[in-house]
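Trainee: Need a 3D model of the following:
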Amino acid sequence: MTRILGISGSLRKASFNTGLMRAAAVGVPDGIEFETATLHGIPLYDGDLEAEGGIPEAVTVLKQKVIAADGVILFTPEYNNSIPGVFKNAIDWLSRPSADIARVFRGRPFTLAGTSPGNFGTILSQNAWLPVMHTLGAELWSGKRLMLPKADTLFDAEGKLKDEAAHDRLAAFVKAFADHAKAAKAV
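Mentor: Residues are numbered from 1 along each chain as shown. Here you go, the predicted structure:
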């Protein structure tokens with residue numbers, strides 16, 4: 001069984017990227033387990049908070065999910081042509097204490113996916129993630145990139161992915177990444 005974790009980088013209930021993550025988890029092929037996670041409950045990183053109380057429970061839970069996964073998909077929105085602050089904040093927490101970086105990130109397959117109402121999907125956000133993932137030692141898979149533009153036309157009123165072509169691209173993306181994660185695990 002190949003375990004894939006999807007993390008949505010938005011806190012908004014009607015987030016297009018949370019909808020995309022949920023769509024990715026539906027109907028995955030046999031041999032793939034797809035778990036989803038959000039950033040709810042993760043406080044702003046504060047070294048004083050860490051020193052006084054350690055790693056918050058919400059961070060520990062997310063960290064354990066990452067560690068248990070064979071591969072992680074970051075479903076990233078794009079805010080002001082870059083990474084959403086809440087998503088970067090969560091990754092910063094996951095890298096604490098610094099001794100955990102290798103256990104959480106080093107050599108673990110990660111990939112990026114996203115959708116936005118604009119014409120370019122989330123290309124600038126995804127590009128901004130590259131040095132962050134490189135610094136943490138993650139194995140960033142770039143066999144395919146998933147950037148879906150015009151998100152406001154792809155989802156129905158309940159936040160479900162309604163566009164068949166987008167759904168097919170998403171399913172192919174998840175399968176290809178899961179195949180890569182499985183191969184990486186076998187090494």
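Trainee: what about stretch 140-158, distance to the chain center?
Mentor: 13 Å (Cα atoms, centre = their mean, to the nearest Å).
Trainee: can you map out the strands along this protein?
Mentor: Under the criterion DSSP state E, the chain contains strands at 2-8, 32-37, 71-75, 109-115, 139-140, 146-148.
Trainee: Would you reformat those as TSV and include mean pLDDT?
Mentor: Shown next, in TSV, are the strands of the chain (pLDDT from 0 to 100):
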stretch	mean pLDDT
strand 2-8	98
strand 32-37	98
strand 71-75	98
strand 109-115	98
strand 139-140	96
strand 146-148	96
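Trainee: right, and the ones you listed - which one's nearest Phe177?
Mentor: Proximity to Phe177 (Cβ to Cβ) singles out strand 109-115 among those, at 5.1 Å. All C-beta atoms are positioned from the backbone trio N, CA, C, and that covers glycine.
Trainee: Packing partners of that closest one?
Mentor: helix 16-25, strand 71-75, helix 123-136, strand 139-140, strand 146-148, helix 164-186 (3 or more Cβ pairs under 8 Å, 6 or more residues apart in numbering; DSSP states H and E).
Trainee: buried set for that strand?
Mentor: Of the residues in strand 109-115, Pro109, Phe110, Thr111, Leu112, Ala113, Gly114, Thr115 count as buried by neighbour count, 16 or more other Cβ atoms under 10 Å.
Trainee: Show me which residues of stretch 83-93 are buried.
Mentor: Ile83, Pro84, Val86, Phe87, Lys88, Asn89, Ala90, Ile91, Trp93.
Trainee: just to revisit the earlier point, could you provide the strands of the chain in CSV, with additional columns for distance to Leu44?
Mentor: Formatted as CSV, the strands of the chain follow (distance: least, Cβ to Cβ, whole Å):
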stretch, distance to Leu44
strand 2-8, 18
strand 32-37, 18
strand 71-75, 19
strand 109-115, 23
strand 139-140, 26
strand 146-148, 28
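Trainee: Show me what the nearest residue to Ile123 once chain neighbours are set aside is bridged to.
Mentor: Using Cβ to Cβ, 6 or more residues apart in numbering and skipping the chain neighbours, the partner closest in space to Ile123 is Met147 (5.4 Å). Beta bridges link Met147 to Gly114 when assigned by DSSP bridges.
Trainee: list the contacts for Met147?
Mentor: Neighbouring residues of Met147 by Cβ atoms under 8 Å, 6 or more residues apart in numbering: Ala113, Gly114, Thr115, Phe120, Gly121, Thr122, Ile123, Gln126.
Trainee: quick one: contacts for the spatially most central residue of the chain?
Mentor: Nearest residue to the geometric centre of the chain (Cα atoms, centre = their mean): Leu74, 1.5 Å. Leu74 makes contact with Ile7, Gly9, Phe87, Phe110, Thr111, Leu112, Ala113, Trp129 under the criterion Cβ under 8 Å, 6+ apart.
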